[in-house]
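K.L.:
okay, here's the prediction I keep looking at, along with the sequence it came from:
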Amino acid sequence: MTVSEIRIVVAQIDIESLAPAENLETVQRTLDEAARHDPDLVVFPELVNLGQVPERDREFGERFLDLAERIPGPFCSAVAESAKEVGCCVAFGMAELHPTIPGTVFNSAVVLDADGNVAGVQRKLHPAGEERHYFAAGDSIEVIPTDLGLLGVGICYDLYFPEVPRTAALRGSEMLVGIFNVTLRSDWPDRLAQLAAVRCYENMQPVVFVNRVGENHGRTFGGESAVAAPPGKVVLRAPVGEPAVLCADLSPETLQRERSYRPVFADRRPELYDA
């Protein structure tokens with residue numbers, strides 16, 4: 001990484017269904033609040049422009065398609081202006097119109113640099129459940145260059161597959177950012193913190209997981225965003241079910257120090273792993 005310390009702001013927000021203007025106001029207001037922490041990176045949840053999708057519904061699908069945007073587009077550009085004003089990188093999820101195929105939408109994560117430029121886009125690789133009726137699947141694992149270093153980005157269900165962040169790490173990613181729409185599970189507390197710690201331990205890199213709150217289509221989302229630092233210590237836990245803007249400081253030196261002590265990449269035996 002190219003900086004000595006990185007201040008992360010976790011933006012755990014509520015998201016309205018099919019309401020891009022209202023959601024943009026929430027994102028911009030949250031960025032204003034985050035600015036008080038002097039952040040280097042602010043991370044928002046999955047699908048912040050339009051919210052989560054319901055079970056298969058033709059009328060909803062047509063409306064959803066009408067409101068999805070290309071990258072860059074009005075929603076992305078407005079967030080980029082706010083990122084530039086704050087002077088930080090921003091990662092967020094949105095419904096992205098396919099750049100060339102009409103009527104096709106991706107569930108995408110956008111990373112903006114501190115000048116408001118699109119640094120990279122990661123499309124969700126594993127649409128889950130009802131999402132399969134609305135989204136095309138991405139076909140590449142991206143490593144996104146920023147002034148903070150190389151970021152790997154995963155979207156919700158993608159991060160249940162250890163191969164995704166491991167592939168990004170083997171391609172040089174120095175931090176894993178995960179954006180979620182995970183429902184509230186009172187019988188499974190701390191699942192994002194546990195997952196963040198495991199993904200951190202596997203690849204000896206900082207992990208930032210941000211989940212939404214609120215309700216869409218009868219589903220209540222749980223929050224509980226988490227940040228983990230190598231070798232797998234959870235250094236931030238956001239509250240259950242409530243909006244929150246919280247910060248954590250991460251040191252790139254931790255990655256170097258822990259990888260030198262636990263050389264997980266040098267010790268790999270990939271010739272044994274072919275199933």
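P.N.:
Looks like it arrived, so ask away. Remember, it's a predicted structure, so these values are computed and weren't measured experimentally. Numbering: from 1, shown residues only.

K.L.:
with just CA atoms, put the lowest-mean-pLDDT helix or strand in the chain into PDB.
P.N.:
Within the chain, no helix or strand scores below helix 252-261, which has a mean of 88 by mean pLDDT, DSSP states H and E. The C-alpha atoms that make up helix 252-261 are tabulated as PDB, following Å, rounded to 0.1, in the frame of the first residue of the first chain:
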ATOM      1  CA  PRO A 252      -0.600  -1.400   5.900                       C
ATOM      2  CA  GLU A 253       2.400  -2.400   7.900                       C
ATOM      3  CA  THR A 254       0.200  -5.000   9.600                       C
ATOM      4  CA  LEU A 255      -0.100  -6.900   6.300                       C
ATOM      5  CA  GLN A 256       3.600  -7.000   5.800                       C
ATOM      6  CA  ARG A 257       4.300  -7.900   9.400                       C
ATOM      7  CA  GLU A 258       1.800 -10.700   9.500                       C
ATOM      8  CA  ARG A 259       2.600 -12.100   6.100                       C
ATOM      9  CA  SER A 260       6.300 -12.300   7.000                       C
ATOM     10  CA  TYR A 261       5.400 -14.300  10.100                       C
END
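
K.L.:
contacts for it, please.
P.N.:
Contacts with helix 252-261, where a contact means C-beta atoms under 8 Å, 6 or more residues apart in numbering, come from 1, 3-6, 149, 174, 204-206, 229-231, 265. C-beta here means a position set from N, CA and C on the backbone, and glycine is covered the same way.

K.L.:
now a ChimeraX select for only the buried ones of these.
P.N.:
Here is the ChimeraX command that selects only those of the contacts of helix 252-261 that count as buried (16 or more other C-beta atoms under 10 Å):
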select :1,6,149,174,204,205,206,229,230,231
